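Visitor: My questions concern the predicted model and sequence given below.
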Amino acid sequence: MKKLLKIRAVLMMMAFLWLSGCVMDTDDNVETLSETKFIMGTVVTIQLFDTSDSQLLDESFRIIGEVEDKMSLNVEGSVINALNDAAGKGPFEVDEDVFYVIDRSVIYSQMSAGGFDVTMEPVIGLWNIGTEEASVPEKVSLKKPCHMWATSIWNCRQQTKP
């Protein structure tokens, strides 16, 4: 539970910093600390104000790295990849953090009637983004049905996907 709270806090902090960066007028006298890394498939910049404690940046990126290690399709051996590999083969137990994120994602997919679709990876994967084979897929490939969120079943008691 503590890990989940840390993850939420870091994500909320990132969102706050991103949003406040759009309107904040920085004073030259305010001490800032900033670092940018490529993580979770994108460029992430964390900027801290009024501190020189670089350990805060290190800890923030460490937590984001933990999330990526569990939940990224681009990390070999991640929980998400193992879950995808086990799809249709029987129950697969996931930890509380992964379960929470996927469960909420399915709920948002349902609430938006597919406007947000947690199951879009097969379509996104057609582009091969981040590889030497990156290209626009053929239209035929895009016509295949892929919205699986509507049939996703979660066992909330055991945190498994049957």
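Guide: Here it is on my side, so go on.

Visitor: surely Ser72 meets Ile39?
Guide: No: if you go by Cβ atoms under 8 Å, Ser72 and Ile39 don't touch, sitting 9.2 Å apart. (C-beta placed from N, C-alpha, C; glycine too.)

Visitor: Same drill for those two, tell me which one is more crowded.
Guide: With neighbours defined as other Cβ atoms under 10 Å, Ser72 and Ile39 compare such that Ser72 has more, 17 against 14.

Visitor: Can you tell me the closest non-neighbouring residue to the more buried one?
Guide: In space, and not counting its chain neighbours, Ser72 is closest to Ser78: 5.3 Å by Cβ to Cβ, 6 or more residues apart in numbering.

Visitor: domain parsing for this protein?
Guide: 1-76, 85-162 (automatic domain parsing).

Visitor: any idea which of those domains scores lowest on pLDDT?
Guide: Ranked by mean pLDDT, those bottom out at domain 85-162, which scores a mean of 72.

Visitor: Identify the bridge partners of Phe49.
Guide: Using DSSP bridges, the bridge partners assigned to Phe49 are Thr32.

Visitor: quick one: it from Glu31, how far?
Guide: Between Phe49 and Glu31 the distance is 7 Å, computed by Cβ to Cβ, to the nearest Å.

Visitor: ok, how many other residues are close to the residue nearest to Ser72?
Guide: Residues near Ser78, counting by other Cβ under 10 Å, number 17.

Visitor: now do Ile7
Guide: Neighbours of Ile7 under the rule other Cβ under 10 Å: 19.

Visitor: how many neighbours does Ser109 have?
Guide: Neighbour count for Ser109, taken as other Cβ under 10 Å: 21.

Visitor: what about it, which helix or strand?
Guide: helix 96-111 (DSSP states H and E).

Visitor: Repeat that for Val30.
Guide: Residue-wise, Val30 maps onto no helix or strand under DSSP H and E.

Visitor: Any idea how many residues pack against the residue nearest to Val118 when sequence neighbours are not counted?
Guide: Nearest in space to Val118, with sequence neighbours left out and distances taken as Cβ to Cβ, 6+ apart, is Ser105 at 3.7 Å. Neighbour count for Ser105, taken as other Cβ under 10 Å: 16.

Visitor: Val94 versus Ser105, what's the distance?
Guide: 13 Å.
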